[in-house]
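Undergrad: Here is a sequence with its predicted model. Questions after.
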Amino acid sequence: MRMGRDKALLPWPPVAPGAPAVNTLLGAMIDLLQGYCDLVLVVAGQNVEHLQPVVDAHGAFLVINSRPERGQFSSIQVGMQEVLNRGRDAAFLALVDRPPVLPGTLDALREAFLTGGPGIWAVAPELARQGSTIHGHPILVGRDMLEKFLRAPADTNARDVLHQHREHIVYVPVDDERVAANIDTRDDYERLLRSGTISAETTF
């Protein structure tokens with residue numbers, strides 16, 4: 001961990017060093033998603049003992065990836081299989097170590113998905129920045145895309161699976177910098193403390 005600690009447990013909103021935390025990135029993400037989903041699943045691997053108290057406190061459900069050494073994509077697959085096991089056929093896929101997006105972004109994604117028709121398997125936010133566009137997170141995936149993820153080889157990644165089926169994805173323009181937020185290092189987080197800005201990268 002380049003942060004020196006589990007990023008999902010960083011205080012959110014950010015607080016000055018030594019100040020008490022109101023919430024964490026993970027807790028804030030759970031709180032946000034509960035307004036849009038009937039259940040929230042959190043996939044954990046080696047960090048299960050650290051995440052369990054937060055998951056329980058916020059009313060979510062913990063799913064354990066028994067082989068986390070296979071990488072992040074394996075955790076995505078474990079989570080998606082659990083979505084189907086629990087009788088659901090659509091889900092928001094969100095990263096627990098990123099700032100939660102604005103509620104309006106989830107509203108826009110859900111509306112695009114519900115009105116997209118059977119040929120739309122997923123929707124993702126798109127942010128315009130300095131003459132280019134960034135495809136961010138979270139994404140909302142339906143059963144067809146869930147199954148594509150589950151059938152993909154373990155050594156692939158989410159971006160590759162989505163690109164293979166880009167004709168079935170709708171990218172929704174949003175005015176929300178958080179869709180491209182990336183707190184990857186301690187410097188990123190400290191910069192957020194100082195100025196409220198976060199480095200960005202294309203996620204999907």
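TA: Ah, there it is.
Undergrad: now the strands for the protein?
TA: 41-44, 61-64, 90-93, 122-129, 132-135, 139-142, 169-173 (DSSP state E).
Undergrad: tell me what the fifth one is packed against?
TA: To tie it back to what came earlier, the one meant is strand 132-135. Under the contact criterion of 3 or more CB pairs under 8 Å, 6 or more residues apart in numbering; DSSP states H and E, strand 132-135 touches strand 122-129. For every residue, glycine as well, the C-beta is placed using N, CA and C.
Undergrad: still on that earlier bit, tell me which of the strands of the chain lies nearest to residue 105.
TA: Evaluated over those, closeness to residue 105 peaks at strand 122-129, with 5.7 Å, by CB to CB.
Undergrad: ok, back up a step: tell me which of the strands of the chain sits most buried.
TA: strand 139-142 (a mean of 24; mean count of other CB atoms under 10 Å).
Undergrad: wait, which of the strands of the chain is closest to residue 70?
TA: strand 41-44 (12.2 Å).
Undergrad: can you list contacts of the closest one?
TA: 26, 30, 51-52, 55, 60-65, 75-76, 78-79, 82-83, 86, 91, 96 (CB atoms under 8 Å, 6 or more residues apart in numbering).
Undergrad: now the strands of the chain as TSV including distance to residue 188 and mean pLDDT?
TA: Converted to TSV, those look like this (distance: least, CB to CB, whole Å; pLDDT from 0 to 100):
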stretch	distance to residue 188	mean pLDDT
strand 41-44	22	96
strand 61-64	27	97
strand 90-93	22	97
strand 122-129	17	94
strand 132-135	16	91
strand 139-142	22	98
strand 169-173	25	97
